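*Asks:* Have a look; sequence and predicted model below, questions after that.
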Amino acid sequence: MTRPDVKQVWEWLDGVPDPEIPVISLVDLGIIRGVAWQDDTLIVTLTPTYSGCPATSIINMDIETALRGHGIERLELKRQLSPAWTTDWLSGKGRAALEEYGIAPPQPAGGPTRCPQCKGSNLEKLSQFGSTPCKAQWRCRDCLEPFEYFKCI
Amino acid sequence: MTQVDQNALTQFLLRLGDNTLVLGHRVSEWCGHSPVLEEDIALANTALDLIGQTQLWLGLAAEVKGNDSSADKLAFLRDAWDFRNVLLVELPNGDFGQTLMRQFLFDAWQSIMLGRLIKSSDPRIAAIAEKVSKEVTYHVERSSGTVVGLGDGTDESHARMQVALDYLYPYVGEMFLSDDTDAAMVQAGIAPDPSSLRAEYDALVGKVMAEATLVIPDRAYTHKGGRTGYMHTEHLGHILTSMQWLQRTYPGAEW
């Protein structure tokens, strides 16, 4: 087969949704650290978000399924721990999609700046943890709705 | 990097991995039983992080050990005498306060240890430490906050936290003991001497306990024997019967 351009592969990967937060892609999440050809083998380098995140194995499977669907025959997924994943690697498109979906994007200050529903700024933390390792639970005191905040790490 | 005895390196990695494995399992016992939903989720997430860290440490231990070893085999097919965790992490959960007190006493040590391991001469260990320290920073923030909240809380919560500290504190010293394995790690630049972490630990724990209005007991006596495998408490065997049941009953079963 002809080797598709790595730029093309990045586009394909941008079409693979995160299994837990399907409004953002794996590329938006910033966990794909490299795409390269080594002879006839496509090497995709990934870094985990949290070391115990159960989505990691699903993510590997989804990447493999997607790339095989695009005709990639020889594929190798490599795990890279360092540099450690940071929410700074979330794309701008991903951050906007998170808020639109009802999840406040990470902020360096350590907490959300506004409610993703009503945009109110009168917020309180309910718990430092949430439904997935990457999120915490907050509530808006203006609209009284609870919401999730994507932890900044 | 200085050549290091691979058996000593395996022992060192087992100590790190067994700490997070046993504590992760302990904390997971709270799942569905916590006082409020938010705390249940928080404990389950903490346990998940610890089990994830275990996969990294025991995965590396298996790689160093060779002989077709794996993180799963190490976790599920060793018996109590082969475990190298400190006794602190195998102690029973007790009430919610005792669980969080144990968590803080361990988190404080782990956060300081990981800060040093980031500079390890073994790049594999440095990479894991870099990754894991982010999670552990978050754990310390939460466990210290809860210890302060409950310690400096109601009369009831204060009394329970003091009982928890009195019970757990004699197990703290084991985290700072050194032996030949540690000496080999120090010599190879892989890890610090555990005793060198004590001053920083005492400063952190002292600050949090003062804020929590709790009194640190006299540390004349230290329970030990877990990290050397000399003698675990009776509790470890009970953890293993539950944790290892599936692999013992259905060998090789996969998710």
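*Replies:* Perfect, thanks for sending it.

*Asks:* Surely residue B:100 touches residue B:148?
*Replies:* No: at 10.4 Å, residue B:100 does not count as touching residue B:148 under the criterion of Cβ atoms under 8 Å. The C-beta positions use only the backbone N, C-alpha and C, and glycine is treated the same way.

*Asks:* between the two, which one's more packed in?
*Replies:* Higher neighbour count among residue B:100 and residue B:148: residue B:100, with 29 against 20, using other Cβ atoms under 10 Å in any protein chain shown.

*Asks:* does any bit of stretch A:127-139 sit next to chain B?
*Replies:* Yes: residues of stretch A:127-139 contacting chain B under Cβ under 8 Å from any Cβ of the partner chain: A:127-131, A:133, A:137.

*Asks:* How about the residues of chain B by chain A?
*Replies:* With Cβ under 8 Å from any Cβ as the criterion, chain B meets chain A at residues B:38-39, B:41-42, B:44-46, B:48-53, B:55-56, B:123, B:126-128, B:130-132, B:134-135, B:138, B:141-142.

*Asks:* Swap in 6 Å and give it another go.
*Replies:* Counting by Cβ under 6 Å from any Cβ of the partner chain, the residues of chain B close to chain A are B:38, B:41-42, B:45, B:48-49, B:51-53, B:56, B:127, B:130-131, B:134, B:142.

*Asks:* what's the domain layout of chain A?
*Replies:* A:6-88, A:102-150 (automatic domain parsing).

*Asks:* now those domains in JSON lines, with mean pLDDT?
*Replies:* Output for those, formatted as JSON lines (pLDDT from 0 to 100):
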{"stretch": "domain A:6-88", "mean pLDDT": "95"}
{"stretch": "domain A:102-150", "mean pLDDT": "94"}
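
*Asks:* can you tell me which of these comes nearest to residue B:227?
*Replies:* When the domains of chain A are compared by Cβ to Cβ, domain A:6-88 sits nearest residue B:227, at 21.9 Å.

*Asks:* now the end-to-end length of the closest one.
*Replies:* 23 Å (Cα to Cα, to the nearest Å).

*Asks:* how about that domain, does it get close to chain B?
*Replies:* Yes: Domain A:6-88 lies within reach of chain B by Cβ under 6 Å from any Cβ, at A:51-52, A:81-82, A:84.

*Asks:* quick one: which of the residues you listed is nearest to chain B?
*Replies:* Of all those, chain B sits closest to residue A:52, with 2.4 Å by Cβ to the nearest Cβ.

*Asks:* which residues in chain B form helices?
*Replies:* For chain B, helices defined by DSSP state H occupy the ranges B:6-28, B:37-65, B:71-76, B:96-117, B:123-151, B:155-168, B:180-187, B:198-211, B:234-243, B:245-249.

*Asks:* Turn those helices into CSV, including mean pLDDT and distance to residue A:146.
*Replies:* Below are these laid out as CSV (pLDDT from 0 to 100; distance: least, Cβ to Cβ, whole Å):
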stretch, mean pLDDT, distance to residue A:146
helix B:6-28, 98, 24
helix B:37-65, 95, 10
helix B:71-76, 96, 36
helix B:96-117, 98, 22
helix B:123-151, 96, 19
helix B:155-168, 98, 25
helix B:180-187, 97, 46
helix B:198-211, 98, 29
helix B:234-243, 97, 34
helix B:245-249, 95, 36
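
*Asks:* Looking at the ones you listed, which is nearest to residue A:110?
*Replies:* So among these, helix B:123-151 is nearest, using Cβ to Cβ, at 9.4 Å.

*Asks:* got the contact list for residue B:176?
*Replies:* Residue B:176 sits next to B:194-195, B:198 when contact means Cβ atoms under 6 Å, 6 or more residues apart in numbering or on different chains.

*Asks:* and the nearest residue to residue A:114 once chain neighbours are set aside, helix, strand or coil?
*Replies:* Leaving aside its chain neighbours, residue A:114 sits nearest to residue A:121 (5.3 Å; criterion: Cβ to Cβ, 6 or more residues apart in numbering or on different chains). Per DSSP: H, G, I helix; E, B strand; the rest coil, the local secondary structure of residue A:121 is coil.

*Asks:* For residue A:121, grab the count of nearby residues.
*Replies:* Counted with other Cβ under 10 Å, residue A:121 comes out at 12.

*Asks:* gap between it and residue A:98?
*Replies:* From residue A:121 over to residue A:98 the distance is 18 Å, taken as Cβ to Cβ, to the nearest Å.

*Asks:* Could you export the helices of chain B as JSON lines, including distance to residue A:8?
*Replies:* Converted to JSON lines, those look like this (distance: least, Cβ to Cβ, whole Å):
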{"stretch": "helix B:6-28", "distance to residue A:8": "40"}
{"stretch": "helix B:37-65", "distance to residue A:8": "33"}
{"stretch": "helix B:71-76", "distance to residue A:8": "36"}
{"stretch": "helix B:96-117", "distance to residue A:8": "40"}
{"stretch": "helix B:123-151", "distance to residue A:8": "30"}
{"stretch": "helix B:155-168", "distance to residue A:8": "57"}
{"stretch": "helix B:180-187", "distance to residue A:8": "47"}
{"stretch": "helix B:198-211", "distance to residue A:8": "50"}
{"stretch": "helix B:234-243", "distance to residue A:8": "46"}
{"stretch": "helix B:245-249", "distance to residue A:8": "43"}
